[in-house]
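K.L.:
Here is a sequence with its predicted model. Questions after.
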Amino acid sequence: MLSEYQHLIDLNDYPVSWWKKVVELGEEIYNAPEKFAHVCDGKIMATLFYEPSTRTQMSFQTAMIRLGGQIIGFDNPANSSVSKGETIKDTTKIVSNYADVLVIRHPIAGAAKAASLTADCSVINAGDGGHLHPTQTLTDLLTLKIEKKTLSGLTIGMCGDLLNGRTVHSLCKALSMFPDNKFVFISTNELGMPAYIKDIIKANGSTYEEINTLEDAIGKLDVLYMTRIQQERFASREEYLAQKNTYVLDRKKMLLARNEMIVMHPLPRVDEITVEVDEDARAMYFKQAKYGMYVRMALIMTILKEKKQSETLKGKIFAGVKCSNPKCITNHEEYLPKSFRASRDETLLECEYCDERKLI
């Protein structure tokens, strides 16, 4: 299925050369933002945020304003027709009539892809549940480009909720495309990295190991990517509390790290990084948030300038087959085509919206 508009749903829909181009443009904007103050004069960006956000929403809005454009949208679906039961299709179909680019965040996996099927402008995925967060990945790549001077040959530790952490899923997929990167997953068994992400890492020629304690891992890392245990992804408060304080980065653990290691975090943090770590020169998470604005400026410019078609669905519909993931958008918006990528013998299917696998 083709869309006449260029979308960013998953970074892996684009070649690495495209990512590099966006990141390099972000660095150029960072070094001389005044040169880009009017490139989006007369353009409008709509932001549809179905769940809370501070950095992603405000950095997108600030990015468009700094480029000379204007913004519309909502940050609380209760204040829109969504509260009356309006579908993603209808909301995005209407709002896309008013905008040149649409940015959507949604708590359900695959929602951004669903929006791209029918929107009458470009769609950018600002996070879909625990699935993907491609613009955070671009933020992370720009941070590494500026602070580590490379995107290759790094040992990256990812710590915390790796099961529900869309930021680490997207970043793993991206960094495994660059040569000689190694991954260290630091998590409990219950919150470990999903199998499909591990398979992608191996398929791309990268390696990973899994370690249960931060102390055992931190000394071998070039980058430590901390994540919070996400209360909103748990079925009950009791399940959340059982995992909440498992991994906490403090000054004592930082003494075990290399002098050149940097600490990243997509924010917000809760208790997983103590305030005392903020004063360590290796703490990059506040700079990282600022870099996000510049790379989103670069992304908006690129999407609006290129105006390429997007292939939104590439798979096949199998009669009577539905995605088995209850958190997939296809199980919430029934009108959506149930499209799957299939193995050669069509016994293993992968949902095109949420990447959930299913044997038939």
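P.N.:
Yep, it's here.
K.L.:
List the buried residues for the strand or helix carrying Tyr294?
P.N.:
Using DSSP states H and E, the element containing Tyr294 is helix 285-306. Within helix 285-306, the residues that qualify as buried are 285, 288-289, 291-304, counting by 16 or more other Cβ atoms under 10 Å. Yep, even glycine has a C-beta here, placed from its N, CA and C like the rest.
K.L.:
do stretch 256-265 as well
P.N.:
For stretch 256-265, the neighbour count (16+ other Cβ under 10 Å) marks Ala257, Met261, Ile262, Val263, Met264, His265 as buried.
K.L.:
centre of the chain versus it, how much separation?
P.N.:
22 Å (Cα atoms, centre = their mean, to the nearest Å).
K.L.:
now swap in stretch 123-139 and tell me
P.N.:
Mean C-alpha position of stretch 123-139 versus that of the full chain (Cα atoms, centre = their mean) differs by 3 Å.
K.L.:
Alpha carbons of it, as PDB, please.
P.N.:
C-alpha atoms of stretch 123-139 as PDB (Å, rounded to 0.1, in the frame of the first residue of the first chain):
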ATOM      1  CA  VAL A 123       3.100  11.500   9.600                       C
ATOM      2  CA  ILE A 124       6.000  11.400  12.200                       C
ATOM      3  CA  ASN A 125       5.900   8.700  14.900                       C
ATOM      4  CA  ALA A 126       6.600  10.400  18.300                       C
ATOM      5  CA  GLY A 127       6.200   7.100  20.200                       C
ATOM      6  CA  ASP A 128       3.600   4.300  19.900                       C
ATOM      7  CA  GLY A 129       3.200   2.500  23.200                       C
ATOM      8  CA  GLY A 130       6.200   0.300  24.100                       C
ATOM      9  CA  HIS A 131       7.000  -0.300  20.500                       C
ATOM     10  CA  LEU A 132       9.100   2.400  18.700                       C
ATOM     11  CA  HIS A 133      10.300   6.000  19.200                       C
ATOM     12  CA  PRO A 134      12.300   6.900  16.100                       C
ATOM     13  CA  THR A 135      12.800  10.600  16.900                       C
ATOM     14  CA  GLN A 136      14.300   9.700  20.300                       C
ATOM     15  CA  THR A 137      16.600   7.500  18.400                       C
ATOM     16  CA  LEU A 138      17.700  10.400  16.100                       C
ATOM     17  CA  THR A 139      18.200  12.400  19.300                       C
END
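K.L.:
and the chain, what are its domains?
P.N.:
As given by automatic domain parsing, the domain ranges for the chain are 2-133+292-311, 134-289, 318-359.
K.L.:
Just the C-alphas of the helix holding Tyr294, formatted as CSV.
P.N.:
Provided in CSV are the C-alpha atoms of helix 285-306 (Å, rounded to 0.1, in the frame of the first residue of the first chain):
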residue,chain,number,x,y,z
TYR,A,285,20.8,13.4,29.7
PHE,A,286,20.0,17.1,29.9
LYS,A,287,22.2,17.9,26.9
GLN,A,288,20.6,15.0,25.2
ALA,A,289,17.2,16.6,25.6
LYS,A,290,18.5,19.8,24.0
TYR,A,291,20.0,17.9,21.1
GLY,A,292,16.5,16.5,20.5
MET,A,293,15.2,19.9,19.4
TYR,A,294,17.9,20.3,16.8
VAL,A,295,17.5,16.9,15.3
ARG,A,296,13.7,17.3,15.1
MET,A,297,14.3,20.6,13.3
ALA,A,298,16.4,18.6,10.8
LEU,A,299,13.8,15.9,10.5
ILE,A,300,10.9,18.4,9.9
MET,A,301,13.0,20.2,7.2
THR,A,302,13.9,16.9,5.5
ILE,A,303,10.4,15.5,5.5
LEU,A,304,8.9,18.7,4.1
LYS,A,305,11.6,19.1,1.5
GLU,A,306,11.9,15.6,0.1
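K.L.:
partners of the helix or strand following that helix in the sheet?
P.N.:
Next helix or strand after helix 285-306 toward the C-terminus (DSSP H and E): strand 310-311. Sheet partners assigned to strand 310-311 using DSSP bridges are listed as strand 2-3 (antiparallel).
K.L.:
Ramachandran coordinates for Ile44?
P.N.:
phi -130, psi 130 (degrees, to the nearest 10).
K.L.:
Could you dump the domains of the chain into TSV with mean pLDDT added?
P.N.:
Shown next, in TSV, are the domains of the chain (pLDDT from 0 to 100):
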stretch	mean pLDDT
domain 2-133+292-311	94
domain 134-289	90
domain 318-359	95
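K.L.:
From Thr167, how far off is Asp271?
P.N.:
Asp271 sits 18 Å away from Thr167, taking Cβ to Cβ, to the nearest Å as the criterion.
K.L.:
quick one: which of these two has more around it?
P.N.:
Counted by other Cβ atoms under 10 Å, Asp271 and Thr167 do not tie: Thr167 has more neighbours, with 23 against 11.
K.L.:
element containing the more buried one, please.
P.N.:
Applying DSSP H and E, one finds Thr167 within helix 166-175.
K.L.:
what do you get for Asp140?
P.N.:
Under the criterion of DSSP H and E, Asp140 resides in helix 134-147.
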